[in-house]
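> Compute the structure for the input listed below.
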Amino acid sequence: MQFPTPLQSATLVKRYKRFLADVICDDGRELTLHCPNTGAMTGCAEPGWTVWFSDSGNPKRKYPCTWEWVESDRGHRIMVNTGRANALAQEGIEAGLLPELAEYPNLRREVRYGQENSRIDLLLQGEGLPDCYVEVKNVTLLEEDGQGYFPDAVTTRGQKHLRELMAICAEGERAAILFIVPHSGIDRVAPAAHIDPDYARLCREARDAGVGFFALSCALDPHQARPLHLLPVTLD
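So this is what the prediction gives:
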């Protein structure tokens, strides 16, 4: 996934009001970025870290620049723009990086489904194949050495998605959770039972109901974000 133009770097001053971040550019300019991440961003937004941002070039936007990823004090590159996750998931599937999902020739995004008024991130379809509903989650929480967790805060929305996917499996279709991991310090993923025990419990129930769980690492640089390879997922 290429960024429209090469990203620019700056130093993070603070993130606030969820959607805003103040930075100081390399030339000394002070700038407010749009922060497209509604999560807690634990371990992703420390003052003094280097942020990389895109510039829309649109003067009509109140905040024309968007925070894309950050480099931590340990040198880890972390994508904070959660809006990129679906594109990375699609790119990974179409590139054949997830063999269990590679047989589907058709992919649709943001399709309504379920009994709780949901939209599936990716719907995979193919003649003679059961539909496969793929829910994409962005993983950026690193706690132990190499261990990534999702979520970084209690997620009733994520719990709903798991219930929806279990219902899909009960109807004879396929379903999967795909953890996108745009964090260079994470080499394995697990549900954050210490943060949201209900989500972790539902993950185990979903697995037993037939929902697949996958994690895909991603690489970041000022020009692009790209999927790399599968990572292990532990649910117990």
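> Look at Glu100 and say how many residues are nearby.
Burial measure for Glu100: 12 neighbouring residues, criterion other C-beta atoms under 10 Å. Backbone N, C-alpha and C define where each C-beta goes, glycine included.
> doesn't it fall inside a helix?
Yes - inclusion of Glu100 in a helix is indicated when DSSP: H, G, I helix; E, B strand; the rest coil is applied.
> got the contact list for the closest residue to it other than its chain neighbours?
Nearest non-adjacent residue to Glu100, counting by C-beta to C-beta, 6 or more residues apart in numbering: Gly212, 6.5 Å away. When contacts are counted by C-beta atoms under 8 Å, 6 or more residues apart in numbering, Gly212 is found next to Glu100, Arg174, Ala175, Ala176, Ile177.
> Would you quantify the distance from the most centrally placed residue in the chain to Ile78?
Taking C-alpha atoms, centre = their mean as the criterion, Asn138 is the residue nearest the geometric centre of the chain, at 1.9 Å. Between Asn138 and Ile78 the distance, using C-beta to C-beta, to the nearest Å, works out to 10 Å.
> intersection of neighbour lists for the two?
Common neighbours of Asn138 and Ile78, using C-beta under 8 Å, 6+ apart, are Pro182.
> From the contacts of Gly212, pick the one nearest Val134.
Top of the list for closeness to Val134, among these and by C-beta to C-beta, is Ala176 at 5.0 Å.
> ok so that closest one is a strand residue?
Yes - under three-state DSSP, Ala176 falls within a strand.
> Going by neighbour count, which residues in stretch 67-74 are buried?
Buried residues in stretch 67-74, defined by neighbour count with 16 or more other C-beta atoms under 10 Å: Trp67, Glu68, Trp69, Val70, Glu71, Ser72.
> a markdown table for those, including secondary structure?
Putting the buried residues of stretch 67-74 into a markdown table (three-state DSSP) gives the following:
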| residue | secondary structure |
| --- | --- |
| Trp67 | strand |
| Glu68 | strand |
| Trp69 | strand |
| Val70 | strand |
| Glu71 | strand |
| Ser72 | coil |
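> Could I get these in CSV, plus columns for distance to His194 and pLDDT?
Putting these into CSV (distance: C-beta to C-beta, whole Å; pLDDT from 0 to 100) gives the following:
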residue, distance to His194, pLDDT
Trp67, 27, 98
Glu68, 29, 97
Trp69, 26, 98
Val70, 24, 98
Glu71, 26, 97
Ser72, 21, 95
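> what number of residues lie near the residue nearest to Phe3 when sequence neighbours are not counted?
Beyond its immediate neighbours in the sequence, the residue positioned closest to Phe3 (C-beta to C-beta, 6+ apart) is Ser54, lying 5.7 Å away. Taking other C-beta under 10 Å as the criterion, the count of residues near Ser54 is 21.
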